[in-house]
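Asks: Turn this into a model:
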Amino acid sequence: MNSRETFDRQANSYDHDIKGRHARRMYQVVLNTLNNISYSNFLDLGCGTGELIKIILENDNTKKGFGIDLSSKMIEVAKKKLPESVSLMIGDSENLPYPNQYFDVIYCNDSFHHYPSPENVIKEVFRVLKQGGTFIICDCWQPYLGRVIMNTYMKYSKEGDVRIYSQKELENLLHIEFETVIWKKLSNTSCLCIAKKSRRRNE
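Replies: Model (predicted):
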C-alpha cells in the first residue's frame, strides 16, 4: 500500500481518529508561524482533508487558500468543508501545477516524511514561491536512536512512510535551494523548519 491508497482509506475518519492526531497537534504551530508572516495567498502541500485551510480562513477570510494532495478521497472530504473560493487539486508535490513565483507562503504539515524524492519537492516549492516567500515544514522527528529504529521500520512500511529526517538532513535538503533555514525541535516527536526564499535560483 502506498501513500495515496493509505490516505484514501483514512479520509473519512482522519479528522478525529488516531491516524490524524500527530498532524492535528501541529496545527497551532503552523498558525502561530503564519501570524508572524505577511501574506495574501498560501498553498497547503499535502492538504489532506483541508482542516488546516479551514481554520486559517476562519481566522482571516481575506486570504486566498490553495490545497493539493495525492489522495482523491482526502480532496473529496476537503471540498465538502471548504468554500468554492479555495482551489483544491489532486496532484503530486514533485510536479506542482502552478506558475513560477505564485505563492506568498507554502506549508507542509505532517506530510514531508511521505515524499520519496524530497529534493524534487523542494525544487518545485522554490519555483512556485515568490521572492521573499516562506516555506514551512512541520513534521515527524525523533532523537537519534528512535530515528534509526523508525527509519529501519519505514523500509517495510505499507503506509507510504519514507524517512524521518534529522535536523542536519532536513537543513541540507532545504539548502539545495534556500539560503535561510531555521530548524526548531517542538517535542520528542516533531520539529518545525522555516525556509525563506531570499534569492533567485542560480544567482
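
Asks: Please count neighbours and contacts with C-alpha atoms only from this point.
Replies: Noted.

Asks: The closest residue in space to Arg147 that isn't next to it in sequence: what's it in contact with?
Replies: Of all residues not flanking Arg147 in the chain, Ile164 sits nearest, at 6.4 Å (CA to CA, 6 or more residues apart in numbering). By CA atoms under 8 Å, 6 or more residues apart in numbering, the residues touching Ile164 are His113, Cys140, Trp141, Gln142, Arg147, Met150, Asn151.

Asks: now the strands for the protein?
Replies: Taking DSSP state E to define them, one finds strands in the chain at 41-45, 64-69, 87-90, 103-109, 129-140, 180-187, 190-196.

Asks: Just list the residues touching Leu173, thanks.
Replies: Pro118, Glu119, Ile122.

Asks: Tell me the pLDDT of it.
Replies: Looking at Leu173, its pLDDT stands at 98.

Asks: Distance of the spatially most central residue of the chain relative to Arg163?
Replies: Centrality entry for the chain: nearest residue to the mean C-alpha point is Cys108, 1.2 Å, by CA atoms, centre = their mean. Using CA to CA, to the nearest Å, Cys108 is found at 15 Å from Arg163.

Asks: same question, Gln131
Replies: Taking CA to CA as the measure, Gln131 falls 29 Å from Arg163.

Asks: Quickly note the distance from Ser187 to Arg25.
Replies: For Ser187, the distance to Arg25 equals 11 Å [CA to CA].

Asks: any idea how far the residue nearest to Arg147 is from Cys193?
Replies: Ile164 sits 13 Å away from Cys193, going by CA to CA.

Asks: list the contacts for Ile176?
Replies: For Ile176, the contact set (CA under 8 Å, 6+ apart) comprises Glu119, Ile122, Lys123.

Asks: hmm, 10 Å instead?
Replies: Glu119, Ile122, Lys123, Phe126, Arg201 (CA atoms under 10 Å, 6 or more residues apart in numbering).

Asks: where in the protein is pLDDT low?
Replies: Applying pLDDT under 70 to the chain picks out residues 1-2, 199-203.

Asks: redo that, cut-off 80
Replies: Within the chain, the ranges that satisfy pLDDT under 80 run 1-5, 8, 10-11, 19, 158-159, 199-203.

Asks: just the helices in this structure please.
Replies: Ranges of helices in the chain, per DSSP state H, are 3-10, 21-25, 27-34, 51-59, 72-81, 118-128, 144-154, 167-174.

Asks: Phe7 against Met74, yeah?
Replies: Yes - the criterion here is CA atoms under 10 Å, and Phe7 meets it with Met74 at 6.8 Å.

Asks: Please identify every residue contacting each of those two.
Replies: Shared contacts of Phe7 and Met74, defined by CA under 10 Å, 6+ apart, comprise Tyr14, Gly48, Thr49.

Asks: so what's the last one closest to, chain neighbours aside?
Replies: Right, Thr49. Ala78 (4.4 Å).

Asks: Who are the contact partners of that neighbour?
Replies: Here Ala78 is in contact with 11, 47-54, 67, 72, 86, 88 (CA under 10 Å, 6+ apart).

Asks: Among the helices of the chain, which comes closest to Ile136?
Replies: Closest to Ile136 of the helices of the chain is helix 27-34 (CA to CA; 7.5 Å).
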